[in-house]
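A.B. asks: here is my input; please provide its structure:
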Amino acid sequence: MYKVKHSKSISKRFKVTATGKILRKKTSRSHLLQKKSAKRKRRLRHISLVNVNDIVNFINKINYR
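C.D. replies: Sure, this is the predicted structure:
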């Protein structure tokens with residue numbers, strides 16, 4: 001049996017809660033912020049959940065600590 005490798009980039013960008021939900025940061029907040037409204041930038045601050053349909057792709061790749 002070979003060692004199972006986890007994706008380091010996924011484990012850095014996503015967090016698994018105690019109930020099994022996967023949290024992520026919203027995109028479009030790093031640069032080109034001048035043309036975005038203050039309301040839009042405020043909304044992008046919040047953390048959101050990964051869609052239920054996409055969780056299957058993350059299950060084996062996240063390194064559980």
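A.B. asks: which residues touch residue 51?
C.D. replies: By Cβ atoms under 8 Å, 6 or more residues apart in numbering, the contact set of residue 51 is empty. Heads up, the C-betas are built off the backbone N, CA and C, glycines and all.
A.B. asks: pLDDT score assigned to it?
C.D. replies: pLDDT recorded at residue 51 is 91.
A.B. asks: what helix or strand is the spatially most central residue of the chain on?
C.D. replies: Taking Cα atoms, centre = their mean, the centroid of the chain lies closest to residue 24, which sits 2.6 Å from it. Applying DSSP states H and E as the criterion places residue 24 in strand 22-25.
A.B. asks: buried set for the helix or strand that that strand is followed by?
C.D. replies: Remark: after strand 22-25, the chain's next helix or strand is helix 38-45, criterion DSSP H and E. The neighbour-count check on helix 38-45 (16 or more other Cβ atoms under 10 Å) flags residue 44 as buried.
A.B. asks: just the CA atoms of helix 38-45, as CSV, please.
C.D. replies: Output in CSV follows, covering the C-alpha atoms of helix 38-45 (Å, rounded to 0.1, in the frame of the first residue of the first chain):
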residue,chain,number,x,y,z
ALA,A,38,-17.4,49.6,-0.4
LYS,A,39,-20.5,47.5,0.0
ARG,A,40,-19.1,44.8,-2.3
LYS,A,41,-15.8,44.7,-0.5
ARG,A,42,-17.6,44.4,2.9
ARG,A,43,-19.6,41.4,1.6
LEU,A,44,-16.4,39.8,0.4
ARG,A,45,-14.9,39.9,3.9
